[in-house]
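A.B. asks: Using only what follows, build the 3D model:
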Amino acid sequence: VYNDDTVTCTSAAFDPDQTIVPVYQWTVGGTNYISNSINLSTTVGLPGDTVLCEVFATDDEGVTVSSTDSLVLSNRAPQVSQVTIDIPSPTTNDVVTCSANIVDPDGETLAVEYVWQVGGATLAAGATLDLSSVSLSPNDSLMCLVEVEDGMGSTANGSTAVVVQNTAPVVNTVNLTPPSPTAVDVLTCTATVSDADGEALSTAIAFSHQGNVLYTQMSETASFTPTDYGLGSGNLVLCTATTSDGYGGTDQATDSVTLDSSAPSLSNVSISPNTIYTDTTALCSGTAVDPNDGNITQSIQYQWEIN
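C.D. replies: Numbering: from 1, shown residues only. Predicted coordinates for the structure are as follows:
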C-alpha cells in the first residue's frame, strides 16, 4: 500500500441483544481520522509509517470493545528524467547549468546531487559549473550525472552529455618595423597571439610582395631584408601572421610598409690637376651608388665654391 492509495477497514460486530454499528478510527502519522475508508493522499503518511485501523463497538449499556489492524506504507523509488545542460555546445570558458525533472511518487524530500564528469573522472559537483575553473580540452565529452535518494534509501539517476567546442586562437597584433624603411633596412615583423582554451599555438610569419611569398619563418618574430629578394623603393612589403591550435582553429592578421627611396652614397670625389693656377681648367669627379638603382654617377651635379 502506498501513501496515495485509498484503504478500507472492515469488521464483524455482533451483539445477541441488539444491532451494533462499529466506529472506525484511523491513525496515520499521529493524526486520527474517523471513517471506514481513508484516502491516504489526504494524510501526512510517508513510506515506513504504520497505518492503524481501530474498530470500536459499543452497546446500549455502554459496554465497548475494540479491535485493531495495521499496515506499513511501502516506498517507491524516485524518478529522474529530462536531464539537460543549458548550453548544448559549450566552450572551455562557458558557465553551464544542469537541470532535470525529478519526481518522488511518495512526496518525500529528496537528496539531489549533480556531478560533472569527463571520461569517468569527476571534475566537480553542483548544478552550475564554470568550465574555466576545471581542466578541459576541446572535443571532451562533458557529462552531467544527476543522482537522487529518498528517505528510505531508494535511489535513481539520469545523465546527459555535451561535447566541448574549440575556440579559435586570435592574432592580437602584427607590427612591421621600422615604419618607413628603405630597401636596405632589416624589417622585423612581430605578432602577439592568444588562445582562450590555453592551447599551445603554432605561429608563422610570412613576408610577401604582390601576392608572392618570399620568406616564411615559424615564429612570432621574424626579420627580412628587402634587397636580398630584389625589392627596391616603392615596393610594398606585406607581413602576414598566421596562428593555429591543435584542433583546426586558425586566425590571421597582416601589416605592411612601402619601401622608401634609399639615400645614395658618394665616393672617390677628387679635383684634378692637383696644382691649380688662375688660368688652370679644373675637373671635379666622383662616384655615386644607390642601393636601389645601382651606379648613378651620371646623375651627380657639381657645384664649385672659391673661398
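A.B. asks: any weak-confidence spans in this structure?
C.D. replies: Along the chain, segments meeting pLDDT under 70 span 262, 291-294.
A.B. asks: give the contact list for residue 20.
C.D. replies: Under the criterion of CB atoms under 8 Å, 6 or more residues apart in numbering, the contact partners of residue 20 comprise 13-14, 57-59. All C-beta spots, glycine's among them, are computed from the backbone N, C-alpha and C.
A.B. asks: can you do 7 Å?
C.D. replies: When contacts are counted by CB atoms under 7 Å, 6 or more residues apart in numbering, residue 20 touches 13-14, 57, 59.
A.B. asks: same question, residue 67
C.D. replies: If a contact means CB under 7 Å, 6+ apart, then residue 67 has 11, 55 as its contacts.
A.B. asks: How is it assigned, secondary-structure-wise?
C.D. replies: Here residue 67 is strand, with the state taken from DSSP: H, G, I helix; E, B strand; the rest coil.
A.B. asks: beta partners of it?
C.D. replies: Note on residue 67: beta-bridge partners by DSSP bridges are residue 55.
A.B. asks: Distance of it relative to residue 153?
C.D. replies: Spatial separation of residue 67 from residue 153 under the definition CB to CB, to the nearest Å is 34 Å.
A.B. asks: before we move on, the earlier item: write the PyMOL selection for whichever of the contacts of residue 20 are buried.
C.D. replies: A single PyMOL command is used to select the members of these judged buried by 16 or more other CB atoms under 10 Å:
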select buried, resi 13+57
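A.B. asks: quick one: which two of the contacts of residue 20 are the most distant?
C.D. replies: Of all pairs drawn from the contacts of residue 20, the greatest distance, 10.6 Å, lies between 14 and 59 (CB to CB).
A.B. asks: Would you map the strands across the stretch 101-250 of the chain?
C.D. replies: With DSSP state E, counting those that start in this stretch as the criterion, the stretch 101-250 of the chain has strands at 111-118, 121-125, 128-130, 141-149, 155-163, 170-177, 187-194, 202-209, 212-217, 221-224, 236-244, 250-258.
A.B. asks: Reformat the ones you listed into a markdown table and put mean neighbour count and distance to residue 20 next to each item.
C.D. replies: Below are the strands of the stretch 101-250 of the chain laid out as a markdown table (neighbours: other CB atoms under 10 Å; distance: least, CB to CB, whole Å):
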| stretch | mean neighbour count | distance to residue 20 |
| --- | --- | --- |
| strand 111-118 | 16 | 50 |
| strand 121-125 | 12 | 62 |
| strand 128-130 | 16 | 65 |
| strand 141-149 | 19 | 48 |
| strand 155-163 | 16 | 49 |
| strand 170-177 | 17 | 91 |
| strand 187-194 | 19 | 91 |
| strand 202-209 | 19 | 96 |
| strand 212-217 | 14 | 108 |
| strand 221-224 | 18 | 106 |
| strand 236-244 | 21 | 94 |
| strand 250-258 | 16 | 93 |
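A.B. asks: Same list (those) but as JSON lines, adding distance to residue 276.
C.D. replies: Formatted as JSON lines, these follow (distance: least, CB to CB, whole Å):
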{"stretch": "strand 111-118", "distance to residue 276": "93"}
{"stretch": "strand 121-125", "distance to residue 276": "94"}
{"stretch": "strand 128-130", "distance to residue 276": "89"}
{"stretch": "strand 141-149", "distance to residue 276": "93"}
{"stretch": "strand 155-163", "distance to residue 276": "91"}
{"stretch": "strand 170-177", "distance to residue 276": "49"}
{"stretch": "strand 187-194", "distance to residue 276": "48"}
{"stretch": "strand 202-209", "distance to residue 276": "51"}
{"stretch": "strand 212-217", "distance to residue 276": "52"}
{"stretch": "strand 221-224", "distance to residue 276": "50"}
{"stretch": "strand 236-244", "distance to residue 276": "49"}
{"stretch": "strand 250-258", "distance to residue 276": "46"}
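A.B. asks: Where helices are concerned, which of the contacts of residue 20 count?
C.D. replies: Helix and strand membership here follows DSSP state H; of those, not one is in helices.
A.B. asks: Filter the contacts of residue 20 down to just the ones in strands.
C.D. replies: Using DSSP state E, the members of the contacts of residue 20 that fall within strands are residue 57.
A.B. asks: What is the burial count for the closest residue in space to residue 276 that isn't next to it in sequence?
C.D. replies: Nearest in space to residue 276, with sequence neighbours left out and distances taken as CB to CB, 6 or more residues apart in numbering, is residue 282 at 5.4 Å. Counted by other CB atoms under 10 Å, the residues lying close to residue 282 total 10.
A.B. asks: Brilliant, that's me finished.
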